[in-house]
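Participant: Quick one, fold the following:
(4 chains)
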Protein chains: 4
Amino acid sequence: MNTFGHIFRLTTFGESHGPAIGGVIDGCPAGLHLDFSAIKRRVALRSPQNVVGATKRREPDNIEFLSGIYEGVTLGTPIAFIIRNKDVRSEDYADLEHIYRPGHADYTYDMRYGIRDYRGGGRASARTTVAQVVAGAIAEQWLAKKGISFTAFVDQIGPILIPDVPDGNDVDQSPLRCPDKFTEALWLDLLEQVRDEGDSIGGAVRCEIKGVPAGVGEPVFNKVQADLASAMMSIPAAKGFEYGLGMSAAAAQGTESNDEILRDTVCRVRKGQNIEKSTTPKVKFNTNRAGGLLGGITTGEPIYFRVVFKPVSSISQPQRTVTDSGQAVALQISGRHDVCVAPRAVAVVRAMAAITIMDQILLRN
Amino acid sequence: MNTFGHIFRLTTFGESHGPAIGGVIDGCPAGLHLDFSAIKRRVALRSPQNVVGATKRREPDNIEFLSGIYEGVTLGTPIAFIIRNKDVRSEDYADLEHIYRPGHADYTYDMRYGIRDYRGGGRASARTTVAQVVAGAIAEQWLAKKGISFTAFVDQIGPILIPDVPDGNDVDQSPLRCPDKFTEALWLDLLEQVRDEGDSIGGAVRCEIKGVPAGVGEPVFNKVQADLASAMMSIPAAKGFEYGLGMSAAAAQGTESNDEILRDTVCRVRKGQNIEKSTTPKVKFNTNRAGGLLGGITTGEPIYFRVVFKPVSSISQPQRTVTDSGQAVALQISGRHDVCVAPRAVAVVRAMAAITIMDQILLRN
Amino acid sequence: MNTFGHIFRLTTFGESHGPAIGGVIDGCPAGLHLDFSAIKRRVALRSPQNVVGATKRREPDNIEFLSGIYEGVTLGTPIAFIIRNKDVRSEDYADLEHIYRPGHADYTYDMRYGIRDYRGGGRASARTTVAQVVAGAIAEQWLAKKGISFTAFVDQIGPILIPDVPDGNDVDQSPLRCPDKFTEALWLDLLEQVRDEGDSIGGAVRCEIKGVPAGVGEPVFNKVQADLASAMMSIPAAKGFEYGLGMSAAAAQGTESNDEILRDTVCRVRKGQNIEKSTTPKVKFNTNRAGGLLGGITTGEPIYFRVVFKPVSSISQPQRTVTDSGQAVALQISGRHDVCVAPRAVAVVRAMAAITIMDQILLRN
Amino acid sequence: MNTFGHIFRLTTFGESHGPAIGGVIDGCPAGLHLDFSAIKRRVALRSPQNVVGATKRREPDNIEFLSGIYEGVTLGTPIAFIIRNKDVRSEDYADLEHIYRPGHADYTYDMRYGIRDYRGGGRASARTTVAQVVAGAIAEQWLAKKGISFTAFVDQIGPILIPDVPDGNDVDQSPLRCPDKFTEALWLDLLEQVRDEGDSIGGAVRCEIKGVPAGVGEPVFNKVQADLASAMMSIPAAKGFEYGLGMSAAAAQGTESNDEILRDTVCRVRKGQNIEKSTTPKVKFNTNRAGGLLGGITTGEPIYFRVVFKPVSSISQPQRTVTDSGQAVALQISGRHDVCVAPRAVAVVRAMAAITIMDQILLRN
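Facilitator: Residues are numbered from 1 along each chain as shown, chains lettered A, B, ... in the order given. Next up, the predicted model:
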């Protein structure tokens, strides 16, 4: 169960300190001219290099494409790619071979498989999300040709939220993927303080998708929001997903939740198969509390959603735990770890969103 | 894409005012003695009969099983069942044939399919969730034999939350599926007031699963939380999903989020295939902020999560909208509608949780 | 695992003597005007009514559609249908409750499930193929609009093969689905003789598909021939599948197997996604030994294949077997049984071919 | 659609002359100690090295495992592996860039994708089957621990069949994978003669699987024979599949096709889930015309089947064809090609059989 998607399908593999991590993309249409430097850029945004408060592990993350591409153009056959694990300091983990770290999947992997590669978290390491980012970057390139674009940024670290959602702000240069300079300064202070305490902190990522035409999605299972939720909850440390009004819908009334529908003069429509009806009304929505989705299907308005991430589990404060032989120990984790996962998760959220949307569009064409 | 699950798979079908709705369960193990009256009881809890603030539609919801069962015992072959649509007052909907109701899937279905059965919301009607409840009731019976149990209740309507989560409280008798008598009284007042305004209101459902052994789940995609999120976001009106600390994890620090691990003397373990390691440590968790899941796999602690539902879209206040020929109209919906969907959603949340857990357990056995 | 297909997906259910058999078709495009009498006709061709040498069981096979259709037009949502089991003489099977009939799945079902509905063969009964025929008839109607047509007929019963393959011959009126009058007479004699011996006999069905454009299929797994083979081997009693030169390819040389390619002036082509290449050569094949498939993908030439069926397992001659408590018994089967399954299998072969091709086309569009 | 299997799933990738070919195995149980030299041996048997009449291409076929294995033991996570393409003489194919070779997938790939990697046949090359052989070798090691074993050999080249099926004969040393010395001599003569003519020739492979317990398989779709047929028809050049009596069943009578069932004292049984029935009769079959399968489910007897392969399409005799710009040309293929594919296909047939059986067993456990 290491495959995501129905038509555009990503299978990932790899352990954090194994020979390589990577993925196979099946179902990417033929004829797409790939921009490899754009793929690299997106992968770099996930790497700890330019993120404040991130682990010091320095992987070059060189992506090697092995198949499915000829002279820079996709062949329609599976696109396999690998990233060798280079900056592996497994000795950092030697002490952890037999210890179940709180908040980590050490114990659950042992219960599930009876064996685990403890080095660097093995398969449970967030490092494996590089594969999602590569596939997402390819999906974005295909979707861009259809006028579909993605933005994602951190909108909360600890108790501090950004004041309002700016439009079209590029967060790639921000060390915390924050669209607001003032908030970013507050967060930098907060992260430093948390790190000094030997602690970590949670955060949230917001993503917006523009340009998806109305009529994409499945009506019962595999609704767009269901596939997005599944995609997001597959990201390590994700604890919650909401779209449109989200959690605040619980306290809202219908008049505050419904979007009135108005006539419009331009309207993006999907051409279905075998459908004879030729005229489609041109509508627009007065508001977009629905988050671009009604009944699991796109309305043509922007899709927006939010994912909450828990604090990084590796903290340097002492914690009580047990070894795999049942001995109680006090654990104090050293090594290279993020303080807050949200800034680096931005690239992964965006990638999984792109994979999900591309898959849903291909399901319909 | 009307199928949910990998091994225990539910395919549903049916429109609200068509001849019947129903489902096919594939992958239910042979030899399970079914308690049909228990299935009926769960289905009745979804029906508007005993729920205050629910639609006046009165379906008897007679379930007819067509296959997969011999003398009350499952055969291992597909279990098909149908529920005829009887109390159909399609004339209530005649005026709505060409109108896109705000908050409903009318417009998106037209964009997706170019045709729709407008009567009663067609396939988008929450009525279709009866099929999920039937399948969930069967899953619960199978899981009960393994010591796995489910509770679900409403924990929020509008801005009013229940004060704390009671243990083992049976909410089946409560007209709002509320575990707290005092809160229930407040909610009843609130619902009456909202109904008088011709409005509707949101709410939330909390679910808890006990007895799932450690070691169930998939580590990357199809994590338990990913499948649960997908299951919940497939329920009509769901806007958000969170488990464990959930959304509050964003503001938490690692020391407030990690669960310390302690030695234990009893421990439920999964027996894997081909795994030679014989000794497993007996551990328990000091807290359960993780919500019973680490790295997508169960810890053996209770799994708990929460789903937020938007206010019912059918409100009697006038709303601006357009017809399918593009004419602007003012819509005032009459007819039989819920004021708050959460009490009836309790049965569906619980059912989808049971389906998801049974599927995950079968994936591992 | 009672589902076939990737996009156009059929899930079937039902036991021979249970309340009903039926199916759910998911993924049928919206907007298809169904010809219900044509569906009935195809189902009638599978029924024993007009087939010589078939069981005397007389089911009316009334198909009730439950969903997915509004005013005769498909909605794009799941199409569920049931056929009630009416002419059930389960008492014929009372003696067989504990006996493992040779050639039947009685023993294997007991080993697989530990329980079985012995009446009429339960789920293993060929009666369940009615569901495939219904779905296949719908697929044919959709494919007919794209200029794709199907023919199927019996080409062998026992050692007697038809002399050559006629073109465009309608076998629906033939009691043995035989395109050749002279051969049919020989077969009728043979069947009578075999029946008199209390024995049964094997046969073969040939199917041809015309009008599928070049470029449909998957290149590695799920090649058109792989999906066709899987479809055909799922039909009860099928023992072999071959396409194009088939089994005789083993003895052929390359010069007798390759099809030379010539220039053509008309050519059916598939329009791919994102493919910029605009000019496609117009080719035709000098011969069609390939059976319309190269590398798993259609060439645009007719696809043809052949399926061999074993003799009916229910024979009235005495056979040694054991009961499910391990007692040795001599079994002499009475009751209503086919002598040769091939004539009735024609409708099923054709239906499964249509389902497979429709699915493959939808995979590509 | 480059994935095979339901639980034990193989995804393959790679073009013949691209950077690498390989695969990802998902669903292999944890705790399996791999014998890497045994994997190499099986891969070597597919390589042209020790096969008479095979291409002169000399790949070392070095398998590099990238994930899912720790200290030689499977982790339960995806096992990715690659084989670099080294002996690539793409210049041999330069002349073929724009030519549609008869019998090859050049034209159909162009119709399907609008683009193709012409070098060495790209994705359509039989070279890609190395990935299947690696996965099959791993499956065989897992199955061997359950007492399940595989044999496969060539039983026909051109019109010459082996006289009878020997038992337990090791064909790995035979240059034509022939279990009969005398027949092998005839075949060697035949191949030399065919090669001298600049032609190629067809053949067939027979495979037998012993030790699979009764009760494995799915009863409707995904019967064991359906999955086996799908697996075999996915191998390049396969034209037909038969099991048990196979094609000869068409001419047989029921008394010649049924297997009588006898009491036995030893019996391999499957332990199902939730099945209370404790006593199972001990039976054996007097004959095994069924090929070990009844109703899609194993009987406990050996499973045997046969696959026919067409003559190699690359022949040096001149053939008429056209270019991708529609020009008629006379093609004379030089380069390194097999004369008969059957001997090398033995390893692939056996591997796909192992993958299929392992998947079916995991589906049931």
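Participant: How about the lengthiest helix in chain A and chain D, any contact?
Facilitator: When every helix of chain A is counted residue by residue (DSSP state H), the longest turns out to be helix A:342-364. No. Taking CB under 8 Å from any CB of the partner chain as the criterion, helix A:342-364 and chain D are apart, separated by no less than 12.5 Å. Where you see a C-beta, it was placed from the backbone N, CA and C, and this is true even at glycine.
Participant: Keeping just the C-alphas, turn that helix into CSV.
Facilitator: Taking C-alpha atoms only, helix A:342-364 is exported to CSV below (Å, rounded to 0.1, in the frame of the first residue of the first chain):
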residue,chain,number,x,y,z
ALA,A,342,5.4,23.1,8.8
PRO,A,343,7.8,25.2,6.6
ARG,A,344,9.2,22.1,5.0
ALA,A,345,5.8,20.5,4.8
VAL,A,346,4.6,23.3,2.5
ALA,A,347,6.4,21.6,-0.5
VAL,A,348,4.8,18.2,0.3
VAL,A,349,1.3,19.6,0.8
ARG,A,350,1.5,21.4,-2.5
ALA,A,351,2.9,18.3,-4.2
MET,A,352,0.2,15.9,-2.9
ALA,A,353,-2.4,18.5,-3.9
ALA,A,354,-1.1,18.5,-7.4
ILE,A,355,-1.0,14.7,-7.6
THR,A,356,-4.6,14.5,-6.3
ILE,A,357,-6.0,17.0,-8.7
MET,A,358,-4.2,15.6,-11.7
ASP,A,359,-5.5,12.2,-10.9
GLN,A,360,-9.0,13.5,-10.5
ILE,A,361,-8.8,15.3,-13.8
LEU,A,362,-7.5,12.2,-15.6
LEU,A,363,-10.3,10.1,-14.0
ARG,A,364,-12.8,12.4,-15.8
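Participant: helices or strands up against that helix?
Facilitator: Secondary-structure packing of helix A:342-364 (3 or more CB pairs under 8 Å, 6 or more residues apart in numbering or on different chains; DSSP states H and E): helix A:36-46, helix A:130-144, strand A:149-157, strand A:203-210, helix A:224-233, strand A:303-309.
Participant: Do a quick rundown of the strands in the stretch 1-150 of chain A.
Facilitator: Along the stretch 1-150 of chain A, counting by DSSP state E, counting those that start in this stretch, strands occupy A:3-4, A:9-14, A:20-26, A:63-65, A:69-70, A:73-74, A:79-84, A:149-157.
Participant: Those: which one's closest to chain C?
Facilitator: For the strands of the stretch 1-150 of chain A, distance to chain C was read as CB to the nearest CB. The smallest value, 8.3 Å, belongs to strand A:73-74.
Participant: which residues are in contact with the closest one?
Facilitator: With contacts defined as CB atoms under 8 Å, 6 or more residues apart in numbering or on different chains, strand A:73-74 is touched by A:28, A:29, A:30, A:31, A:32, A:33, A:34, A:68, D:115.
Participant: looking only at pLDDT, what's the mean for it?
Facilitator: The average pLDDT within strand A:73-74 is 97.
Participant: List the contacts of the nearest residue to residue A:255 once chain neighbours are set aside.
Facilitator: Spatially, and ignoring its direct neighbours in sequence, residue A:255 is nearest to residue B:199 (5.5 Å; CB to CB, 6 or more residues apart in numbering or on different chains). Under the criterion of CB under 8 Å, 6+ apart, the contact partners of residue B:199 comprise A:253, A:254, A:255, B:311, B:315, B:317, B:339.
Participant: okay, the third one: pLDDT?
Facilitator: Looking at residue A:255, its pLDDT reads 96.
Participant: mind checking how far it is from residue C:182?
Facilitator: For residue A:255, the distance to residue C:182 under the criterion CB to CB, to the nearest Å works out to 79 Å.
Participant: if you count what's nearby, which of those two comes out ahead?
Facilitator: Legend: neighbour count by other CB atoms under 10 Å in any protein chain shown for residue A:255 and residue C:182, higher for residue A:255 (17 against 10).
Participant: Which residues of the stretch 101-250 of chain A lie near chain C?
Facilitator: Within the stretch 101-250 of chain A, the residues that sit near chain C (CB under 8 Å from any CB) are A:142, A:145, A:219.
Participant: Quick check on those: which are buried?
Facilitator: Neighbour-count burial (16 or more other CB atoms under 10 Å in any protein chain shown) applied to those gives A:142, A:219.
Participant: from the residues of the stretch 101-250 of chain A next to chain C, which has minimum pLDDT?
Facilitator: Sorting these by confidence puts residue A:219 at the bottom, with a pLDDT of 92.
Participant: right, and that residue touches residue B:106 too?
Facilitator: No. Under the criterion of CB atoms under 8 Å, residue A:219 makes no contact with residue B:106, lying 12.0 Å away.
Participant: what sits in contact with each of those two?
Facilitator: A shared contact of residue A:219 and residue B:106, defined by CB under 8 Å, 6+ apart, is any residue touching both; here these are residue B:124.
Participant: contacting residues around the nearest residue in space to residue A:129 that is not next to it in sequence?
Facilitator: Here the nearest residue to residue A:129 in space, its sequence neighbours aside, is residue A:348; by CB to CB, 6+ apart that works out to 4.6 Å. When contacts are counted by CB under 8 Å, 6+ apart, residue A:348 touches A:46, A:129, A:132, A:133, A:136, A:235.
Participant: hmm, back to that, output the strands of the stretch 1-150 of chain A in CSV, with mean neighbour count appended to each entry.
Facilitator: CSV is the format used below for the strands of the stretch 1-150 of chain A (neighbours: other CB atoms under 10 Å in any protein chain shown):
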stretch, mean neighbour count
strand A:3-4, 23
strand A:9-14, 28
strand A:20-26, 27
strand A:63-65, 18
strand A:69-70, 22
strand A:73-74, 21
strand A:79-84, 25
strand A:149-157, 24
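Participant: right, so of these, which gets closest to residue B:363?
Facilitator: Proximity of the strands of the stretch 1-150 of chain A to residue B:363 was assessed by CB to CB; the nearest stretch is strand A:3-4, lying at 13.3 Å.
Participant: partner strands of the closest one, parallel or antiparallel?
Facilitator: Using DSSP bridges, the strands paired with strand A:3-4 are strand A:9-14 (antiparallel).
Participant: and the partner strand, how far out from the chain's middle?
Facilitator: 14 Å (CA atoms, centre = their mean, to the nearest Å).
Participant: quick check: angle from that strand to helix A:130-144?
Facilitator: Here strand A:9-14 points in a direction 160 degrees away from that of helix A:130-144 (axes from the mean of the first three to the mean of the last three CA atoms, to 10 degrees).
Participant: and strand A:9-14 with helix A:342-364, angle?
Facilitator: 140 degrees.
Participant: which residues touch strand A:9-14?
Facilitator: Strand A:9-14 has contacts (CB under 8 Å, 6+ apart) with A:2-4, A:20-27, A:82-83, A:85, A:123, A:128, A:131-132, A:135, A:355, A:359, B:220-221, D:3, D:11, D:24, D:26, D:66-68, D:77-80.
Participant: shaky segments in chain A?
Facilitator: Scanning chain A for pLDDT under 70 picks out A:49-50, A:52-59, A:87-90, A:166-169, A:265-281, A:335-336, A:365.
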